[in-house]
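Colleague: Okay, sequence plus prediction incoming.
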Amino acid sequence: MKIAVCIKQVVTRDWPLRVAESATWVRDDDASFEMNEPDAYALEEALRLKELLGGEVVVCSAGPARVSQVIREALARGADRAIHVEGEALAAAEADAVAAALAGAMEGESFDLVLTGLQSDDQGFGQTGVVLAERLGLPHATIIMEVDVADDGGSLRVKRELESGWFQWVSMPLPALLTIQSGINQLRYATLRGIMAAKRKEILTVPAQSAETAGQRILELYVPEKSSATRFIDGSAPEAARELVRLLREEARVL
Amino acid sequence: MALRRDLAGSRRETPEKADVERETLDVDVLVVGGGPAGLAAAYRLARLNEERGGEPLIVAVLEKARAAGAHMLSGAVLDPSALSELMPDWKSRGAPLDLPVRDDRIYFLTAGRALPFPITPPPLRNHGHYVISLNRLAKWLTEQVEAAGVDVFTGFAGTELLYEGDRVVGVRTGDRGIDRHGERKPAFEPGVDIRAKVTVLADGVRGNLTKTLIRRFSLDAGRSPQSYAIGIKELWDIDPQRLAAGSVIHTMGHPLRFEEFGGGFIYALPDGRLSVGFVAGLDYRDPLFDPHVAFQRFKRHPLVASLLAGGQMVRYGAKALPEGGWHALPRCHLDGALIVGDAAGFLNSMRLKGIHLAMRSGMHAADVAFRAVRENDVSAGRLSEYARLVEAGPIRRELYPVRNVHQSFAGGLLAGLLYSGMSLLTGGWWFRDPMPAHAGHERIRTVAKYFGGAAPPEPPSAPIDRELTFDRLTNVHYSGTRHDENQPSHLLVADTDICRTRCMEEYRNPCTRFCPANVYEIVDADAGEGKRLQINASNCVHCKTCDIMDPYQIIDWVPPEGGGGPSYEGM
């Protein structure tokens, strides 16, 4: 089975972020980067499927030159080769632009299965995979918790995570695109031999096509204002609880 | 008498179960540690492979940080002499040496004033040097080393030395995927035995492998005890108009008293970025001394506060540094192994510089290792050529004349300054040479002794405003430190009963003060059983201060799972 995994390089979680001077993105000139977490699970799932069914795992990433860090990491964990769509503007691009850049480089490859993370840790649109499926003309399913490939290798049964602890099993044909939920499997470590082998693996770098007119752009990025207020709710416990729920729902809007 | 326990030989070793199949990897030279010393050694070996022809030596570098350079912390002002010899074309290769030092200033600080030194003493003149980020230098050097054909494995800690008899034959990397109870997680990956003809130990200040080696073979016999300092540093973004890029400022005095060794530094990087730090000797007597508080008080001094006002702290880090100098160098060659850089203690505390000496020592080690492997003789006798190169070359030329400088400060700041000034004329001569020295953990006094039995006065403190001054936890956040929480503690305290009994009584738990990262906390024990030590191992910034300074010497710093630790991007 020929599997593609799309990975994104994001600023390390919990990194002390600062808004860039342009106020449309974070300062990432001296940030520390890592592989987007759900993408790491997508990669692991692809490696497991390959171990089960044979075939090839190709990692695809769109971003500036620094993205080679996560590409090499993916190759060290066991991916066979990589496609890097390189473009400075892709660092903070919206989902549609990223999907378009990836689709352009992936079209000719005729993958049987394309896996992406469910969403990115930075922008978190959860759209790149879905738009990519559309652009590649593939059926897709999102928030995948389990992947079963039929014995004949021609179709899939996948488990989707719904709200409130509900799950849904979906049967779908191949080729297809799945967006993978974190925690679907246990991530493996890169081994010394894997790291050495990764050096000899092919990374195909293709320049990003000049972006189509952006469908959306970030107008302003700001740090949420911290405010803290304490309010005491009087009354008996049941009354106070009712009032608390009302306030959380109507004023704080967290419920 | 201080209680000593020999912690050599790690108790962290996972019991060897029959089903562990360890991979082995054979190389000619293994370099442990991807800092300036280790990377200089690796690059030199790659060059020798190229220049000498023949079957090339296989060279590999192990680095415990998850990314190249991520555990590198220094001021830093770089003397480029060693780099220029290692790689004459560093400029065209894009070395991150962009900013020459434009001026040097030294101040003596009183609580409210800054008195400039009329002249800058020669050792502190930085003409021809560069203000750099050591993190960037190491990252760039790693790229050069990899491009030259060396495998650099980041995210792998060397946890044990491999021996055949008394000969070092390589290193075992740490097991990964062990949970906090010592059980294997599903992703368990056993460590790898990397076997090497020569192992170059570049594991940094108080290196975990070098430490066991020094103990096992008494490599420090007849040498002065190593002394250390802790450096704490922040990066700030300020108005670029306030201090021209390339300005270098050093301070002495406030907030330290005459009896304490150390001082502050301020280096101006481009675009209004400032490197602000403080170094405090880990040989203070006052058990209540707190380096973190000293740094906050330094920032509140008008000289520093006026520079930082309105600016933003963007990064933080802390690391110990070896200060003992020439007399404290252990024997650095033995069967199958060489010790380089901070691991050995190649640092000039008079010039406040070590990067160039670390690189130089790495280059010497590479020259010797290359010849020894080619000649198929890696005995201590053959490798002793390393000691001869150090003796005959620029390292001794630089370190020998200042061999007693740090030790002279044991008599206080004035004695130290007087001696240091004189040593420029006398070449370091003193009536007793080596000048007597004591390990820092032996100098720290009990509360009763230090305060003569009287109740200690309230120690100096600094208000935390989270603009200019910060608490430890906020600082740790800015160090980018991360460890997998579900792993065994990598700070082994041999006997935690001592913490809640003797140490609490005698020293008032100095670990809660000298650790800059809030790793050690004394908390209430369950059910009214008094107090107990809590170890927040995931905060650890790998500075090694606890291992050095603990008065009972019962703390053993061992590497956490590879990849854990700070992320000193841009530091």
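Modeller: Cool, got the structure. Residues are numbered from 1 along each chain as shown, chains lettered A, B, ... in the order given.
Colleague: biggest helix in the chain by residues?
Modeller: Answering for chain A, as no chain was given. In chain A, taking DSSP state H as the definition, the longest helix is helix A:37-53.
Colleague: My question was about chain B, not that one.
Modeller: The helix that spans the most residues within chain B, counting by DSSP H, is helix B:355-374.
Colleague: List the buried residues of it.
Modeller: Buried residues in helix B:355-374, counted by 16 or more other Cβ atoms under 10 Å in any protein chain shown: B:355-370, B:372-373. Backbone N, C-alpha and C define where each C-beta goes, glycine included.
Colleague: Same question for stretch A:115-132.
Modeller: Quick answer for stretch A:115-132 (16+ other Cβ under 10 Å): A:115-123, A:125-132.
Colleague: so where is the chain shaky, pLDDT-wise?
Modeller: Using chain A here. A:210-213 (pLDDT under 70).
Colleague: Chain B is the one I meant
Modeller: B:1-19, B:424-425, B:429.
Colleague: By proximity to chain A, which residue of it wins?
Modeller: residue B:570 (3.5 Å; Cβ to the nearest Cβ).
Colleague: Grab the nearest non-local neighbour of that residue.
Modeller: Nearest in space to residue B:570, with sequence neighbours left out and distances taken as Cβ to Cβ, 6 or more residues apart in numbering or on different chains, is residue A:30 at 3.5 Å.
Colleague: how would you label that neighbour: helix, strand or coil?
Modeller: Following DSSP: H, G, I helix; E, B strand; the rest coil, we place residue A:30 in the coil state.
Colleague: separation between it and residue B:480?
Modeller: Computed as Cβ to Cβ, to the nearest Å, the residue A:30 to residue B:480 distance reads 11 Å.
Colleague: picking that back up, give me every residue that touches the residue of chain B closest to chain A.
Modeller: Contact analysis of residue B:570 by Cβ atoms under 8 Å, 6 or more residues apart in numbering or on different chains lists A:30, B:133, B:135-136, B:235, B:315.
Colleague: Is it in a helix, a strand, or coil?
Modeller: Secondary structure, three-state DSSP: residue B:570 is coil.
Colleague: Residues of chain B that sit close to chain A?
Modeller: Neighbours of chain A within chain B, by Cβ under 8 Å from any Cβ of the partner chain: B:23, B:25, B:67, B:70, B:151, B:153, B:155-156, B:173, B:176-177, B:185-187, B:189, B:192, B:194, B:312, B:314-315, B:477-478, B:480, B:482, B:567, B:569-570.
Colleague: Of those, just the buried ones, ChimeraX syntax please.
Modeller: The ChimeraX command for the buried members of the residues of chain B next to chain A (criterion: 16+ other Cβ under 10 Å) is given here:
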select /B:25,67,70,151,153,155,156,173,176,177,189,192,194,314,315,478,480,482,567,569,570
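Colleague: Got the phi and psi for residue B:244?
Modeller: When read as degrees, to the nearest 10, the backbone of residue B:244 gives phi -70, psi 140.
Colleague: Quick check: it touching residue B:268?
Modeller: Yes: between residue B:244 and residue B:268 there is a contact under Cβ atoms under 8 Å: 6.3 Å.
Colleague: Which of these two has more residues huddled nearby?
Modeller: residue B:268 (26 against 10; other Cβ atoms under 10 Å in any protein chain shown).
Colleague: List the contacts of that one.
Modeller: Per Cβ under 8 Å, 6+ apart, neighbours of residue B:268: B:131, B:243-248, B:274-275.
Colleague: now, the most widely separated pair of the residues you listed?
Modeller: Greatest spatial distance among those (Cβ to Cβ): B:244 and B:275, at 14.1 Å.
Colleague: Show me the strands in chain A, by range?
Modeller: A:2-6, A:9-11, A:33-35, A:56-63, A:81-86, A:113-117, A:140-149, A:155-161, A:167-173, A:176-180, A:203-207 (DSSP state E).
Colleague: Out of those, which one sits most buried?
Modeller: Of those, the one with the most neighbours on average (mean count of other Cβ atoms under 10 Å in any protein chain shown) is strand A:113-117, at a mean of 27.
Colleague: how's chain B carved up into domains?
Modeller: Here the domain parsing of chain B from automatic domain parsing is B:28-77+B:138-225+B:328-357, B:405-441.
Colleague: Quick one: end-to-end distance for the shortest one.
Modeller: Looking at domain B:405-441, the gap from its leading to its trailing residue is 19 Å under the measure Cα to Cα, to the nearest Å.
Colleague: picking that back up, could you pull out the residues contacting both of residue A:30 and residue B:480?
Modeller: Looking at what touches both residue A:30 and residue B:480 (by Cβ under 8 Å, 6+ apart), the common residues are residue B:569.
Colleague: Using the three-state scheme, assign the residue positioned nearest the centre of chain B.
Modeller: Most central in chain B under Cα atoms, centre = their mean is residue B:205, positioned 3.7 Å from the mean C-alpha point. Secondary structure for residue B:205, judged by three-state DSSP, is coil.
Colleague: ok, and the closest non-adjacent residue to it?
Modeller: In space, residue B:205 is closest to residue B:342, 4.2 Å off (Cβ to Cβ, 6+ apart).
Colleague: helix, strand or coil for the one you found?
Modeller: helix.
Colleague: Is it correct that it is in contact with residue B:37?
Modeller: Yes: judged on Cβ under 8 Å, residue B:342 makes contact with residue B:37 at a distance of 7.1 Å.
Colleague: Provide the count of other residues in contact range of the residue of the stretch 1-150 of chain A at minimum distance from chain B.
Modeller: At 3.5 Å from chain B, residue A:30 is the closest residue in the stretch 1-150 of chain A, using Cβ to the nearest Cβ. Applying other Cβ under 10 Å, we find 16 residues neighbouring residue A:30.
Colleague: Next, the buried residues of stretch B:480-492.
Modeller: Buried residues in stretch B:480-492 (16+ other Cβ under 10 Å): B:480-484, B:487-492.
Colleague: can you count the residues close to residue B:464?
Modeller: With other Cβ under 10 Å as criterion, residue B:464 counts 14.
Colleague: For it, give me its contacts.
Modeller: Going by Cβ under 8 Å, 6+ apart, the list of residues near residue B:464 reads B:296, B:470-471.
Colleague: ok, and the most crowded of those residues?
Modeller: residue B:296 (24 neighbours).
Colleague: Cool, thanks, talk later.
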